[in-house]
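*Asks:* I'd like to go over a predicted model; first the sequence, then the structure.
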Amino acid sequence: MHKFILKRLGMMLPVLVGVMFVIFTLTYITPGDPVMMILGDQAAQEDIVNLRAELGLDQPFLVQFGMFVANTMQFNFGTSFTTGRPVLEEIGFRFPTTMQLAAMSVVISVLIGIPLGILSAVKQYTIFDNGATIIGLLGVSIPNFWLGMMLIILFSVNLGWFPTTGFETPMHWVLPSFTIGISSAAIIMRMTRSSMLEVIRQDYIRTARAKGQKESKIIVSHALKNALIPVITVVGLQFGLLLGGAILTETIYAIPGLGRFMVESIQRRDYPIIQGGVLLLALVFSFVNLLVDILYAFVDPRIRSQYK
Amino acid sequence: MPENTAQASNEALLDIQDLSIHYITEDGTVRAVNNLNLSLKRGETIGLVGETGAGKTTTALGIMRLVPDPPGKIVGGRINFAGEDLTQKSDAAMRNVRGKRISMIFQDPMTSLNPVIPVRDQIAEVILLHEKVSAAEALAKAEEMLLKVGIRSERAREYPHQFSGGMRQRVVIAIALACNPELLISDEPTTALDVTIQAQVLELMKNLKREFNTSMIMITHDLGIVADICDKVAIMYAGSVVEIGDKYDLFRNPKHPYTIGLFNSLPDIEKDEDSLKPIKGFMPDPMDLPSGCPFHPRCDVAKPICMQAAPSEYVNVSENHRVKCLLFSDTTGGE
């Protein structure tokens, strides 16, 4: 198991270099000049040339990329073009908020999705199942930004239960987490349902019934553990989507998180922030996927013996 | 291990009367079991023989009350087990019968064990359900059962995927016998196994059956297995028993044209035959059974009456041997 984790950590390295190349190329070819953004339209030609040389932007593509990789390897992500503060500081200050938001959304989507999925499967084709299917379909198709605004209108403006914007107290956390979590909950519910439906038709479930075991116990102790494996995969993938979803939601709820900061930095062509931010998100996503693989081993002994 | 006090007696342990089980689907009604009659004394082993689709497994699941519902339904008949009609029992009461008084061994050992639970715990589960023991005692007893089926204690904590098919079937047998049931239903327990492993597993079952004095229904399409371990044999066709009797009686003197056909389909090494004599045609579609006797389209000796009337009564061939066929009914002239 330890060997497996180390091997996986080693495999993350080439992935991250690949991510760096993509981010760097994308920012390089994106139209817009950060120097013009910093100095404004009226800047003197001399200042522009000097600043460009100072930021290393006059070097060829490969040299710039090489410098970027070399610096990143030393955890030197540079300084923000706009604020002049180190990228790590700028990102590190906002990152916990976004992680908290994403984590809470995952918890909400799992807490809603898995139980509803189980119930749907056990009561297949009943009114409950059909109702859950319709709600699930709505959950997937409603765009985050619209749902966010509707939740604000309903729960903040009309009912006054929750504050409209900000992220200071737990009351502030509820609406944004639900906004992001609902669509994932719907996907997790559908996945749990189909996985459960497959499992409860397996022979070993019949064996459990033949032992005289209660149906509720069969679902919990025999079916669920087997049905969870594909669900864990989906939850892991959803985490990446949730980080993405945080960008819009943070904007709607005016949350001082990494997502909103990234959008602003893109508008300002603040390359170091964009590159550092995306790299950090890719790193987080890689770790979540490693976590998912480790979780598999806990749930399924067949996978555990493959990891040896 | 408590000794089973029930001894072989003349009283029937299991007496199935006119059992019918249908699967009601949108496309039509599948008549899987039709007016099936079967009885079994304590300590006896009966072989339930028939082609695929004859309704053998549905009968077994019917006795366990495990026919998937929907679409399956027990639409008629009685399953008397130790004097009680199982078809009338509540679900909760049936749970106390399953695993404790009636156990079942399933066909495919590769899929009938839960892949994420250690084998020892899967055996302990049934012990915990039916006996007043602590979790630790149940686990200890589970290891004891594993030893009985020839699996060392060191392997008790392993998972099903770490065992071969034959070993897994031993685990399934250990689960089935853990609570010392009065009746064991084995649904083709060796079909999925290699021939050598098959012999080992059958030998094991024979020994354990003797040790626990368990009655057994052995579902199979292998007449060799019947000859090896059964006392009685029931031949099933299209959901009902067409011939039933003492093994020796029935093997020496098969009466029903279907039974005769089954024996003729077996290769015989003594006789130098060029080809087998299979029964022509196929098992009828249980959604659309033929009129009259369901076997008449495949029967070489069918009479005109066989197309119109289904035999309903059994005719005694001898004291321990009965057949359900119009050829032997008095009303149609008999043999």
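*Replies:* Everything's here; your move.
*Asks:* Quick one: find the helix or strand in chain A with the lowest mean pLDDT.
*Replies:* helix A:34-39 (a mean of 77; mean pLDDT, DSSP states H and E).
*Asks:* Return the alpha-carbon coordinates of that one using PDB.
*Replies:* This file holds the C-alpha atoms of helix A:34-39, laid out as PDB (Å, rounded to 0.1, in the frame of the first residue of the first chain):
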ATOM      1  CA  PRO A  34       0.000  42.500 -19.100                       C
ATOM      2  CA  VAL A  35       2.500  45.300 -19.500                       C
ATOM      3  CA  MET A  36      -0.100  47.500 -21.100                       C
ATOM      4  CA  MET A  37      -2.500  46.500 -18.300                       C
ATOM      5  CA  ILE A  38       0.000  47.500 -15.700                       C
ATOM      6  CA  LEU A  39       1.200  50.800 -17.200                       C
END
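*Asks:* what does the next helix-or-strand element following it rub up against?
*Replies:* Downstream of helix A:34-39, the first helix or strand assigned by DSSP states H and E is helix A:45-54. For helix A:45-54, the surrounding residues in contact (Cβ atoms under 8 Å, 6 or more residues apart in numbering or on different chains) are A:35, A:36, A:38, A:39, A:58. (C-beta placed from N, C-alpha, C; glycine too.)
*Asks:* what's the burial count for the second one?
*Replies:* It refers to residue A:36. Here the number of neighbours of residue A:36 (other Cβ atoms under 10 Å in any protein chain shown) works out to 13.
*Asks:* Run through the residues that contact it.
*Replies:* A:43, A:48.
*Asks:* Check whether residue 58 sits in a helix, strand or coil.
*Replies:* No chain was given, so I picked chain A. coil (DSSP: H, G, I helix; E, B strand; the rest coil).
*Asks:* quick one, phi/psi of it?
*Replies:* phi -90, psi 0 (degrees, to the nearest 10).
*Asks:* Tell me which residues touch it, please.
*Replies:* Taking Cβ under 8 Å, 6+ apart as the test, what residue A:58 contacts is A:49, A:52.
*Asks:* measure it to chain B for me?
*Replies:* Going from residue A:58 to chain B by Cβ to the nearest Cβ, to the nearest Å gives 60 Å.
*Asks:* ok, back up a step: closest one of the contacts of helix A:45-54 to residue A:287?
*Replies:* residue A:38 (33.7 Å; Cβ to Cβ).
*Asks:* Next, see if the longest helix along chain A gets close to chain B.
*Replies:* When chain A is parsed with DSSP state H, its longest helix is helix A:87-122. No - judged by Cβ under 8 Å from any Cβ of the partner chain, helix A:87-122 stays clear of chain B, getting no closer than 13.8 Å.
*Asks:* what mean pLDDT does the helix or strand that that helix is followed by have?
*Replies:* Next helix or strand after helix A:87-122 toward the C-terminus (DSSP H and E): helix A:127-141. For helix A:127-141, mean pLDDT is 88.
*Asks:* Tell me what angle helix A:127-141 forms with helix A:87-122.
*Replies:* 160 degrees (axes from the mean of the first three to the mean of the last three Cα atoms, to 10 degrees).
*Asks:* Distance of residue B:300 relative to residue B:278?
*Replies:* To residue B:278, residue B:300 is 12 Å away according to Cβ to Cβ, to the nearest Å.
*Asks:* er, residue B:253 actually
*Replies:* In terms of Cβ to Cβ, residue B:253 sits 22 Å off from residue B:278.
*Asks:* starting at the chain centroid, how far to stretch B:313-323?
*Replies:* 21 Å (Cα atoms, centre = their mean, to the nearest Å).
*Asks:* Now tell me what touches that stretch from outside.
*Replies:* B:37, B:232, B:242-246, B:249-250, B:253, B:255-256, B:259, B:324-325, B:328-329, B:334.
*Asks:* Please identify the buried residues of that stretch?
*Replies:* Under the neighbour-count criterion of 16 or more other Cβ atoms under 10 Å in any protein chain shown, stretch B:313-323 has B:314, B:315, B:317, B:321, B:322, B:323 buried.
*Asks:* With stretch B:289-309 instead?
*Replies:* B:289-290, B:292-299, B:302, B:305-306.
*Asks:* what's the answer for stretch B:71-81, then?
*Replies:* For stretch B:71-81, by 16+ other Cβ under 10 Å, it's B:72, B:74, B:77, B:78, B:79, B:80, B:81.
*Asks:* Now the fourth one: phi and psi?
*Replies:* Here is the backbone geometry of residue B:78 (degrees, to the nearest 10): phi -130, psi 150.
*Asks:* Could I get the pLDDT score of it?
*Replies:* pLDDT at residue B:78 comes out at 91.
*Asks:* what's around residue A:61, how many residues?
*Replies:* Residues near residue A:61, counting by other Cβ under 10 Å: 11.
*Asks:* If you could redo that for residue B:85, that was the one I meant.
*Replies:* Other residues close to residue B:85 by other Cβ under 10 Å number 13.
*Asks:* for residue A:12, same thing?
*Replies:* Quick note: residue A:12 (other Cβ under 10 Å) scores 16 neighbours.
*Asks:* Which of the helices or strands spans it?
*Replies:* Here residue A:12 is assigned to helix A:2-29, by DSSP H and E.
*Asks:* Which strands or helices does that helix pack on?
*Replies:* helix A:61-73, helix A:271-299 (3 or more Cβ pairs under 8 Å, 6 or more residues apart in numbering or on different chains; DSSP states H and E).
*Asks:* Could you list the contact residues of chain B toward chain A?
*Replies:* Counting by Cβ under 8 Å from any Cβ, chain B sits next to chain A at B:64, B:66, B:94-100, B:103-104, B:106, B:108, B:111-118, B:125-126, B:129-130, B:159, B:161-162, B:172, B:175.
*Asks:* Got a quick ChimeraX command for the buried subset of the residues you listed?
*Replies:* Typed into ChimeraX, the line below selects the buried ones among the residues of chain B next to chain A, using 16+ other Cβ under 10 Å:
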select /B:64,66,94,95,97,98,99,100,103,104,106,108,111,112,113,114,115,116,117,118,125,126,129,130,159,172,175
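*Asks:* got the contact list for the one helix or strand residue B:146 maps to?
*Replies:* Following DSSP H and E, one finds residue B:146 within helix B:135-148. For helix B:135-148, contacts defined as Cβ under 8 Å, 6+ apart pick out B:1, B:119-121, B:123-125, B:127-128, B:131, B:133, B:152-153, B:155-156, B:170-171, B:174-175, B:177-178, B:208.
*Asks:* so what does the helix or strand just after it touch, helix or strand wise?
*Replies:* Next helix or strand after helix B:135-148 toward the C-terminus (DSSP H and E): helix B:165-177. Here helix B:165-177 touches strand B:102-105, helix B:119-130, helix B:135-148, helix B:195-212, going by 3+ Cβ pairs under 8 Å, 6+ apart.
*Asks:* Which of those comes out lowest on mean pLDDT?
*Replies:* With a mean of 84, helix B:195-212 has the lowest mean pLDDT of the helices and strands packed on helix B:165-177.
*Asks:* Provide a ChimeraX selection command restricted to the buried entries of the contacts of helix B:135-148.
*Replies:* Written as a ChimeraX command, the selection of buried residues from the contacts of helix B:135-148, which uses 16+ other Cβ under 10 Å, is:
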select /B:119,120,121,123,124,125,127,128,155,156,170,171,174,175,177,178,208
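*Asks:* pLDDT below threshold where in the chain?
*Replies:* By default, I'm working from chain A. A:308 (pLDDT under 70).
*Asks:* that's the wrong chain, I wanted chain B
*Replies:* Judged by pLDDT under 70, the stretches of chain B that qualify are B:1-10, B:271-275, B:330-335.
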